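Visitor: Everything below, folded, please.
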Amino acid sequence: MKYLGVAFATLFFVLGAANFWVIQSTQDRVYDTSTVPSRTWAIVLGARVWSSGVPSHSLEDRLETALQLYRDGKVKRILVTGDHGKKHYDEVQAMHDWLTGHGVPSSDIVLDHAGFRTLDSMARATPVFGVKDAIVCTQRFHLYRALYLADAHELDVVGVVADRREYERELYNQSRESIARVVAVVDLTTGRKPHFPK
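Guide: This is a model prediction of the structure:
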């Protein structure tokens, strides 16, 4: 029991320390759409797409946020990055189609079909697509980790909160994200590379 207690204490310390570091190092660059400073690019991080090809609520809100930034002239181009690891599951094309359906020219949208994880998306943005400065569009719980990973890959980034409604499984998302932040710290510490660096 003594060793079990020490193990749990160590686990909670690591979890707390990693979350504190990721949030504290990025929270001063989290904005809403009205106050976020302009950048060349918006980066829309992928999320679930339904079998019909319709974006889930969380992804739709990320796209709505990027669309608002584009219409307001705060970004000139949009990088959509997500999972297309299976033939019949394509987050990226769904994002492209949603944006073009709302008036964004296809020439202003760039597609990253290998954004399997947030780390992949940020690591590939500059070397593959030439992104140097960007506004990251995602929900607040995800934003801190996204900015943290972008910093490690020398991107000049700020984040904009894409929360436009209450989401189902909010507690689950928060719990999962607390673990994902630890994984992000470990990934950077160990030098983990994206699945497809180029």
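Visitor: residues touching Glu60, list them.
Guide: By Cβ atoms under 8 Å, 6 or more residues apart in numbering, the contact set of Glu60 is Trp98. For glycine as for every other residue, the C-beta is placed from the backbone atoms N, C-alpha and C.
Visitor: And the pLDDT for it?
Guide: Predicted confidence (pLDDT) for Glu60: 98.
Visitor: three-state assignment of it?
Guide: helix (DSSP: H, G, I helix; E, B strand; the rest coil).
Visitor: pLDDT at the nearest residue to Ala114 once chain neighbours are set aside, what is it?
Guide: Distance criterion Cβ to Cβ, 6 or more residues apart in numbering; nearest residue to Ala114, sequence neighbours excluded, is Phe196 at 4.4 Å. If you check Phe196, the pLDDT there is 92.
Visitor: which SS state does Phe196 fall under?
Guide: Applying three-state DSSP: Phe196 is coil.
Visitor: these two touch, right, it and Ser121?
Guide: No: counting by Cβ atoms under 8 Å, Phe196 stays clear of Ser121, with 11.3 Å between them.
Visitor: who's more crowded, those two?
Guide: Neighbour count, other Cβ atoms under 10 Å: between Phe196 and Ser121, Ser121 has more, with 26 against 14.
Visitor: Buried ones in the helix or strand containing the more buried one, by neighbour count?
Guide: Assigned by DSSP states H and E, Ser121 belongs to helix 118-129. For helix 118-129, the neighbour count (16 or more other Cβ atoms under 10 Å) marks 118-126, 128-129 as buried.
Visitor: Alpha carbons of that helix, in CSV - could you do that?
Guide: The C-alpha trace of helix 118-129 is given here as CSV (Å, rounded to 0.1, in the frame of the first residue of the first chain):
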residue,chain,number,x,y,z
THR,A,118,-2.0,17.8,-33.1
LEU,A,119,1.8,17.2,-33.0
ASP,A,120,1.7,16.2,-36.7
SER,A,121,-0.3,19.2,-37.7
MET,A,122,2.1,21.7,-36.0
ALA,A,123,5.3,19.9,-37.0
ARG,A,124,4.3,19.8,-40.7
ALA,A,125,2.9,23.3,-41.0
THR,A,126,6.1,25.1,-41.8
PRO,A,127,8.3,22.6,-43.6
VAL,A,128,5.5,21.2,-45.7
PHE,A,129,3.2,24.1,-46.2
